[in-house]
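Asks: requesting a structural model of the entry that follows:
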Amino acid sequence: MGHSYEKSKKIALSTILILAAITIFEVLFALTGKGHMFGGKLMMPGYVIALVMIVLSLTKAYLIVYEFMHMKYEVPGLVRSVLLPTLLLIWAIIAFFYEGSDWQNRRDLILQKNNEKVQTRQLDQQSEQTGMVNELKKEETH
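Replies: Residues are numbered from 1 along each chain as shown. Here you go, the predicted model:
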């Protein structure tokens, strides 16, 4: 369960170096993908950059939780009690983004409908009015 001080230092140092390497790769990948390096020859679509950045960030989060928060030494029940709410949080974020995009589409539709011009027609003065207006006029003349 416990390691010697020297072994713990070695594990922590290797984890820190892995995290540093992933961070350096993230920065270089983002700069290259956005066209800020190599004259813009290796530009990538935004969704590819986002997907790679998310995967690398989750990898770093896993390493931090696993090693520095000592999750690898905990009982499985505690690990699940920490990971389940995290997965629910990720699901909620995805659901909120989906719901938000649906609201955006509906808002644009409502704005489009509000900007439509409604055709109105003038009532012909010569035409007979029917209904309640005609009844009222008849009563006024009598």
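Asks: helix/strand/coil for residue 117?
Replies: With DSSP: H, G, I helix; E, B strand; the rest coil as the basis, the three-state label of residue 117 is coil.
Asks: now it: how far from residue 13?
Replies: Residue 117 sits at a distance of 70 Å from residue 13 (criterion: CB to CB, to the nearest Å). Yep, even glycine has a C-beta here, placed from its N, CA and C like the rest.
Asks: between those two, which one's more packed in?
Replies: Summary of the neighbour comparison: residue 117 and residue 13, criterion other CB atoms under 10 Å, with residue 13 having more neighbours (10 against 5).
Asks: what comes up buried for the helix or strand containing the more buried one?
Replies: Following DSSP states H and E, the helix or strand that holds residue 13 is helix 5-33. For helix 5-33, the neighbour count (16 or more other CB atoms under 10 Å) marks 19, 26, 29-30, 32-33 as buried.
Asks: now for it, which elements pack on it?
Replies: helix 46-63 (3 or more CB pairs under 8 Å, 6 or more residues apart in numbering; DSSP states H and E).
Asks: just how off-centre is the helix it packs on within its chain?
Replies: Taking the mean C-alpha point of helix 46-63 and that of its whole chain, the gap between them comes to 14 Å (CA atoms, centre = their mean, to the nearest Å).
Asks: quick check: which helices or strands does it pack against?
Replies: helix 5-33.
Asks: I'd say residue 18 and residue 62 touch.
Replies: No: Residue 18 is not in contact with residue 62 according to CB atoms under 8 Å; the separation is 10.9 Å.
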